[in-house]
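Undergrad: starting from these lines, generate the structure:
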Amino acid sequence: MAQAVKKESLCEDIAGKDCGLKRVIDIVGGKWKIMILCVIDNNEVVRYGQLRRSVHGITNTMLANSLKELESAGLVERKQYDEMPVRVEYNLTDKAKTLIPILLELKKWGEDHL
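TA: Now for the predicted structure:
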């Protein structure tokens with residue numbers, strides 16, 4: 001008799017601290033973070049003003065907070081130049097670049113099913 005193959009669970013500890021899915025959603029969830037990642041991915045290196053213009057409807061506060069959270073999570077790198085006026089650039093980290101194919105799959109799923 002064939003042995004049943006156990007289906008992999010999305011989350012063993014549903015919404016617990018060890019749930020990888022919950023950790024990802026905590027980091028990139030919300031209204032703006034995926035859009036910010038998309039803009040940076042499309043341009044490779046982006047300045048704050050360009051991000052502000054590209055993410056329609058975002059406030060300065062939300063953009064600044066989202067960038068800080070993405071930087072803290074290791075997904076976005078912030079580089080500040082000692083110039084006047086100060087120039088700040090953002091780019092994706094190698095860690096974030098591994099997330100892009102997953103986001104592309106989500107995008108494709110949305111196009112196919114929603």
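Undergrad: contacting residues for Ala4?
TA: Contact analysis of Ala4 by Cβ atoms under 8 Å, 6 or more residues apart in numbering lists nothing. Yep, even glycine has a C-beta here, placed from its N, CA and C like the rest.
Undergrad: does it count as helix, strand or coil?
TA: coil (DSSP: H, G, I helix; E, B strand; the rest coil).
Undergrad: ok, then the element right after the helix or strand of the chain with the lowest mean pLDDT?
TA: None of the helices or strands of the chain scores lower by mean pLDDT, DSSP states H and E than helix 20-28, at a mean of 87. Helices and strands here follow DSSP states H and E; after helix 20-28, the next one along the chain is helix 33-43.
Undergrad: all strands for this protein, in order.
TA: Taking DSSP state E as the test, the strands found in the chain are 45-47, 76-81, 87-92.
Undergrad: which one of these lies nearest to Trp32?
TA: Closest approach to Trp32 among those (Cβ to Cβ): strand 76-81, 12.4 Å.
Undergrad: flag every buried residue along the closest one.
TA: Within strand 76-81, the residues scored as buried using 16 or more other Cβ atoms under 10 Å are Val76, Glu77.
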